[in-house]
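Enquirer: Below are the sequence and a predicted model for it; my questions follow.
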Amino acid sequence: MEWLCEFRVFVLRGDVVGVLWYDGLDDREPDKGVVDECARLLPVKSGCSFDVGVLASGETALIETNDGFSIGRYGLDRRSTRRF
């Protein structure tokens, strides 16, 4: 797989509260539908995050999930909103 860019998605109680770019090309966006579906399927009831990337094919793919206690902020603050 050829990854073009990667994003950290922050989730609180099942809702996406932030999507922040942190690696690769910065002119791409992950597919909003894929991001929302990943957040909906997470079994975590409190805070967590997951990383998605945009592939050279243009598809958005899940990379990994992270428990809330082990994630970095990557620039997210309490005023942050979705990137898209």
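Expert: Perfect, I can see it now.

Enquirer: Residues contacting the helix or strand containing Ser49, please?
Expert: Using DSSP states H and E, the element containing Ser49 is strand 47-55. Residues outside strand 47-55 that contact it (C-beta atoms under 8 Å, 6 or more residues apart in numbering): 1-13, 24-25, 28-30, 34-35, 38-39, 42, 60-68, 71. All C-beta spots, glycine's among them, are computed from the backbone N, C-alpha and C.

Enquirer: And the next helix or strand past the least confident helix or strand in the chain by mean pLDDT?
Expert: Least confident helix or strand of the chain, by mean pLDDT, DSSP states H and E, is strand 15-24 with a mean of 90. Next in sequence after strand 15-24, counting helices and strands by DSSP H and E, comes helix 32-41.

Enquirer: helices and strands around that next one, which ones?
Expert: Applying 3 or more C-beta pairs under 8 Å, 6 or more residues apart in numbering; DSSP states H and E, we find helix 32-41 packed against strand 3-12, strand 15-24, strand 47-55, strand 60-67.

Enquirer: can we see that at 7 Å?
Expert: With contacts defined as 3 or more C-beta pairs under 7 Å, 6 or more residues apart in numbering; DSSP states H and E, helix 32-41 has these neighbours: strand 3-12, strand 15-24, strand 47-55.

Enquirer: just to revisit the earlier point, may I see the buried residues of the least confident helix or strand of the chain?
Expert: 16-21 (16 or more other C-beta atoms under 10 Å).
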